[in-house]
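# Give me the fold of what follows.
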Amino acid sequence: MITVWAPDGVAEVRPGDDLADLLLSVADLADGDIVCVTSKVVSKAEGRVMSGDRAAAIAAETRRVVARRGPLSIVVNRLGLTMAAAGVDASNVEPGHIVLLPEDPDASARALRESVATRAGAQVAVVVTDTAGRTWREGQTDIAVGAAGLRVLDDHAGRQDGYGNELAVTAPAVADELAGAAELAAGKLGRRPFTVIRGRSDLVLPPGDHGPGAAALLRAEGADLFGLGAREAVLAALGVRDGDRSAFGVADEPDELTTVLAELTGSEVTLRDGQVVIDSDDPRIRWAAEVAAYAHGWTPVANDGPGVRLRRVTP
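Numbering: from 1, shown residues only. Below you'll find the predicted structure:
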C-alpha cells in the first residue's frame, strides 16, 4: 500500500530558512519515506527570488529557444530542462517579484536528505518538484527537477512480461510519477510545500548513495526527435544557422538521406565515396537538397563539376 500526505502548517518560506527544520516540524518521517518538496520553496529558501523584468530573467535562464508563439516561449534552460519561460515563475510570490529555479536542484535535494538523516535519523529520498506542460496533451503536471537517494528510473530492460516477451525500452520515470502524486495530494493553492510518500521504500537508495539525481532524466542534446518547434525547424534549416544544427539530432545515415532526397527532388541520388550526390544542375533542386541536408546533419561540399555533393557534418 502507498500512502501520500501533504502536511499543513508550514509558514511562508523566507531566504535563509532551514527546510529540514520546516519539514520536521510538520512531518514524522520513517526510513524508506520519499519526501517531495516544491522547487518554489527551495528557491525561496536559497534566495532565488528577485524583483525586476521577467523577460530579462527568462533570457538569462535560457540556453536555447525551442519554440515561440506570441508571448509564450518554450526553451531549454540552463539546467537542461525544456520548459515554458525557462521555469521563471511569478505565482505564489509577492507582486512585482519572480522566482527562479534553484541553482542546482539535485544538490538541494542532497542537502535536505542529509539534514533529515542527521537530525531525525530517518533515511529518506528527496524529490524537488516543479510544474511543466506536456507536448501533445493539455494541462500541466509536476515533474522531478531534483532528486537524491532515489532510483529515478525503473529500468525494465531484460525483464519479461506476463507473456514471456523480453522488454527492451520500458523505463518508468518513477521520480516524475512521484512528483505527480505529490502535486495531487498537496494541490496548487494549499500552501503545503512538502509531501511524504510511504510504501515505496524499494526505490530509496541506501545511506550515502544519493544516486544520479533528476539530471539522469534529461535526454541528451541531439537525441530528442523534437529539438525545435515545427516553425522553428523550418526557419533554422532555411537560415542555415550553425547554432541550431544540434537541435535536429544526430546526422542521418547516408542511405536514409539518399531516400529522403530522392523523394524530395525526384532526381537520381547516389552514394559515392561516402558522399551523397545528386546529378542535377537545376538551382531549385540544389536549394531544396541543401536545406534538407542541413536538417539531416549533412552539408554541401565544394564542387566544380555538375550536380550537388554532400557530406556528413558529424561521424
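# Show me this structure divided up by domain.
Taking automatic domain parsing as the domain assignment, the ranges for the chain are 3-48+101-217, 230-312.
# Buried deepest among those, which one?
Highest mean neighbour count of those: domain 3-48+101-217, a mean of 18 (counted as mean count of other Cβ atoms under 10 Å). (Each C-beta comes from the backbone N, C-alpha and C, glycine too.)
# Span of it from start to end?
End-to-end distance of domain 3-48+101-217 (Cα to Cα, to the nearest Å): 25 Å.
# do stretch 191-199 as well
Using Cα to Cα, the span of stretch 191-199 from its first residue to its last is 24 Å.
# do stretch 57-75 as well
Distance between the boundary residues of stretch 57-75 (Cα to Cα) amounts to 13 Å.
# Please work out which residues outside that stretch touch it.
50, 76-78, 80, 82-88, 98, 100-101, 227-232, 247 (Cβ atoms under 8 Å, 6 or more residues apart in numbering).
# so of the residues you listed, which ones are in helices?
Among those, the members falling in helices are 230-232 (criterion: DSSP state H).
# pull the CA atoms of the helix or strand of the chain at the bottom of the mean pLDDT ranking into CSV?
Among the secondary structure pieces of the chain, namely its helices and strands, helix 230-239 has the lowest mean (mean pLDDT, DSSP states H and E), a mean of 87. Coordinates of the C-alpha atoms in helix 230-239 are reproduced here as CSV (Å, rounded to 0.1, in the frame of the first residue of the first chain):
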residue,chain,number,x,y,z
ALA,A,230,7.7,23.0,-36.3
ARG,A,231,8.1,26.6,-37.4
GLU,A,232,11.4,27.0,-35.8
ALA,A,233,12.8,23.8,-37.5
VAL,A,234,11.8,25.2,-40.9
LEU,A,235,13.3,28.6,-40.3
ALA,A,236,16.5,27.1,-38.9
ALA,A,237,17.0,24.9,-41.9
LEU,A,238,16.3,27.8,-44.3
GLY,A,239,18.6,30.1,-42.4
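# what's the average pLDDT for the helix or strand following that helix?
Tracing the chain past helix 230-239, the next element assigned as helix or strand by DSSP states H and E is helix 254-265. Along helix 254-265, the predicted local confidence has a mean pLDDT of 91.
# any idea how far the residue most central in space within the chain is from Val88?
Computing the C-alpha centroid of the chain and ranking residues by Cα atoms, centre = their mean puts Leu81 first, at 3.5 Å. For Leu81, the distance to Val88 equals 12 Å [Cβ to Cβ, to the nearest Å].
# Give me the common contacts of the two.
Taking Cβ under 8 Å, 6+ apart as the criterion, Leu81 and Val88 both touch Leu101.
# what sits against the nearest residue to Val124 once chain neighbours are set aside?
Computed as Cβ to Cβ, 6 or more residues apart in numbering, the closest residue to Val124 that is not its neighbour in sequence is Asp33, at 4.6 Å. The contact partners of Asp33, taken as Cβ under 8 Å, 6+ apart, are 122, 124-125, 196-198, 201, 204.
# Check Ile197 too.
Applying Cβ under 8 Å, 6+ apart, we find Ile197 in contact with 2-4, 33-36, 178, 181-182.
# Out of those residues, list just those in helices.
Among the contacts of Ile197, the subset assigned to helices under DSSP H consists of 178, 181-182.
# remind me which residues of the stretch 151-300 of the chain are low pLDDT?
Low-confidence segments of the stretch 151-300 of the chain, defined by pLDDT under 70, are located at 156-157, 167, 169, 240-244.
# What's the separation between Ala84 and Glu263?
As judged by Cβ to Cβ, Ala84 and Glu263 stand 35 Å apart.
# ditto for Gly297
Between Gly297 and Glu263 the computed distance is 18 Å (Cβ to Cβ).
# Same check on Thr118?
Thr118 sits at a distance of 63 Å from Glu263 (criterion: Cβ to Cβ).
# do Thr131 as well
Distance, Thr131 to Glu263, by Cβ to Cβ: 41 Å.
# Enumerate every residue touching the residue nearest to the centre of the chain.
Taking Cβ under 8 Å, 6+ apart as the criterion, Leu81 is in contact with 87, 101, 132, 145, 218.
# show me where the stretch 51-200 of the chain has helices.
Taking DSSP state H, counting those that start in this stretch as the criterion, the stretch 51-200 of the chain carries its helices at 54-61, 105-120, 174-186.
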